[in-house]
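Chemist: Show me the folded form of this:
(one chain, ligands or ions: 3)
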Amino acid sequence: MTEGVPPELPPSSAAQLGWQRRAAGPQLPPGHRVSRVAVEHRGAYELVDGTGAVIGALDAAVRRAARTPFDYPTVGDWVVRTLEARHDRRVAITSVLDRSSLLCRRAAGPHARPQLVAANADVLAVVMTPASASDAALADTVGSAAPGVGIGHRVEWYLTAAFSGGARPVIVVNKIDTVSNAEYEATVDALRRRLGSAAAEVPILATSALDGRGLDSLGALAGDGATVALSGPSGVGKSSLVNRLAGGEVMPVAPLSPDGRGRHTTVRRQLVPVGGPDGGTFVDTPGLQDLIPWSGDLGLPAAPAVLDGVAQTFGDIAALAQHCRFADCSHTVEPDCAVIAAVQSGELAAERLSTYLELVADMEAGNALSDP
Ligand SMILES: Nc1nc2c(ncn2[C@@H]2O[C@H](COP(=O)(O)OP(=O)(O)O)[C@@H](O)[C@H]2O)c(=O)[nH]1
Ligand SMILES: [Mg+2]
Ligand SMILES: [Zn+2]
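Modeler: Ligands and ions are numbered 1, 2, ... in the order given. The predicted structure follows:
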C-alpha cells in the first residue's frame, strides 16, 4: 500500500496534520478513512493520515460527477478514501471534504481558469528578501508591464489571494543575514508604507534560513496542527526554510542541475510536517511562486467574513471609493472620483492606486475571453 511514497519523511501524526482543528468529521462508510493530500501529481495523490502514506486516485464516479476544477482535490485537502487499494494499487478517493480556506490562482493562458494551489492553509506566508522587498517598493510604474507578465510577484497579489481564500497573511523577510539591522529596518519601513492600510493587518517576520534567526517564530505559526503555505518568488528561500524547520533536506534547494527539475526523480512531498507532535505542516508548492489571484467564487462554505481580497488588501482605496460618484467607478477616467482626488491631494500614494489598477487588470485579463 505504501508503494511509490518518497521515503525521506517519518509519518506525521494526525495532530500535526490538523484533523482536530476541523469542526466535525464526516460519517464514514465502512472500509473508508479520512486522509490529507500531501502531494498531487498527474491525477494521483499522495495521502497521509498520521500512520503512513498511500497513493490515491479519484474514484471514477466522483470524477464523472466533477463539474469544475473546485471538485478535484488539491494539496492540503482532506479527503475520504478507501482503506483497500484497487487493482491499480491505488486507494480510491470518494469525496473531498469542505475547505476552510483555498489558495487559488488564475492559470496561465488566454482563458481565465482557476488553478487550485493549496487547501485548508491557516496562514499564507509571503516570503521575500530584503532585496526583493525594496525592489517591490520601488518598482511601481503605471502601465509599464502587460498584465500577467512578470508582475505576479507583487506582495499585494499574494495578500489578495490570502484574504479572499480565507488564509491569514504574514510577510516573511528572509535572508536577513545579507543586510545590516539598519538596512532591514529601512526595508520594513518601505514595505509598510507600500502596504498602506493593509500594513496594520499583516505581521512581518524576519528570518534567515542560513543562520537560523526567526525560525522559531516562523515555526510557531504552524503550532497545534496549523498549516502554513509558503508563497513568494523563486529563490527567496522558501524550500530552505522548510528544510530547516523539518530538520532535513525535504525540499530541493536551488541551484538545481542544469536540466532543472530532472535531478529529482520523485515528486517531492509538498505538505511537510514540522515541529513534532505539537507542530503542524508547511506547504511549499511551485503553484505559489507566481500567483495571480482568482477573482471568481472559490466555492468555500458560507464564510463568516465577506471574502473580498482586493478590498481587504486595498482598504484605503475601498474606503475612498465609497465617495466616488459612480458605484462601479474604475478610478481611472470618471468624474468626481474620490480615489483620484485623494491622489491629487496627497492623501493616497499614487503608487498605491497604480498597483491597485494593475492587480485588477491582471485578475480580469482573460475573463472577457472565457465569458460565453
Ligand atoms: N544568505 C542566505 N541564503 C539563503 C537563505 N535562504 C535560502 N538561501 C539560498 O537562496 C537560494 C534559493 O533558496 P531556495 O530555498 O531554493 O528558494 P525557493 O526557490 O524560494 O525555494 C539557495 O541558494 C539557498 O541556499 C538565507 O536565509 N540566507
Ligand atoms: Mg523551492
Ligand atoms: Zn473612483
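
Chemist: got the residue ranges for the strands in this protein?
Modeler: Residue ranges of the strands in the chain, as given by DSSP state E, are 32-41, 44-48, 53-58, 78-82, 91-96, 102-106, 114-119, 123-128, 168-173, 204-206, 227-231, 271-274, 280-284.

Chemist: Deepest in the core, which of the ones you listed is it.
Modeler: Comparing these by mean neighbour count (mean count of other CB atoms under 10 Å), strand 227-231 comes out on top with a mean of 31. The C-beta positions use only the backbone N, C-alpha and C, and glycine is treated the same way.

Chemist: do that strand and ligand 2 meet at all?
Modeler: No. Strand 227-231 does not reach ligand 2 (CB under 5 Å from the ion); its nearest approach is 8.4 Å.

Chemist: sorry, back to before: got a markdown table for the strands of the chain, with mean pLDDT and distance to Asp328 too?
Modeler: What follows is these, written out as a markdown table (pLDDT from 0 to 100; distance: least, CB to CB, whole Å):
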| stretch | mean pLDDT | distance to Asp328 |
| --- | --- | --- |
| strand 32-41 | 93 | 38 |
| strand 44-48 | 94 | 41 |
| strand 53-58 | 94 | 40 |
| strand 78-82 | 95 | 38 |
| strand 91-96 | 95 | 35 |
| strand 102-106 | 93 | 21 |
| strand 114-119 | 94 | 24 |
| strand 123-128 | 96 | 29 |
| strand 168-173 | 96 | 27 |
| strand 204-206 | 97 | 34 |
| strand 227-231 | 96 | 30 |
| strand 271-274 | 92 | 40 |
| strand 280-284 | 95 | 36 |
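
Chemist: of those, which approaches Leu291 most closely?
Modeler: strand 102-106 (4.7 Å; CB to CB).

Chemist: Run the chain-centre distance for the closest one.
Modeler: 7 Å (CA atoms, centre = their mean, to the nearest Å).

Chemist: Contacts for that strand next, please.
Modeler: Contacting residues not belonging to strand 102-106 are listed as 70, 74, 112-119, 121, 124, 161-162, 165-167, 229, 231, 287-288, 291-295, 298-300, 362-363, 366 [CB atoms under 8 Å, 6 or more residues apart in numbering].

Chemist: do that again at 7 Å, thanks
Modeler: With CB atoms under 7 Å, 6 or more residues apart in numbering as the test, strand 102-106 has contacts from 112, 114-119, 121, 124, 161, 165-167, 229, 287-288, 291-294, 298, 300, 363.

Chemist: what does the protein put close to ligand 2?
Modeler: Selection of the chain residues close to ligand 2 by CB under 5 Å from the ion yields 238-239.

Chemist: Can you tell me which residue of the stretch 1-150 of the chain sits closest to ligand 1?
Modeler: Val127 (6.4 Å; CB to the nearest ligand atom).

Chemist: Pull up the gap between that residue and Leu241, please.
Modeler: Distance of Val127 to Leu241, computed by CB to CB, to the nearest Å: 7 Å.
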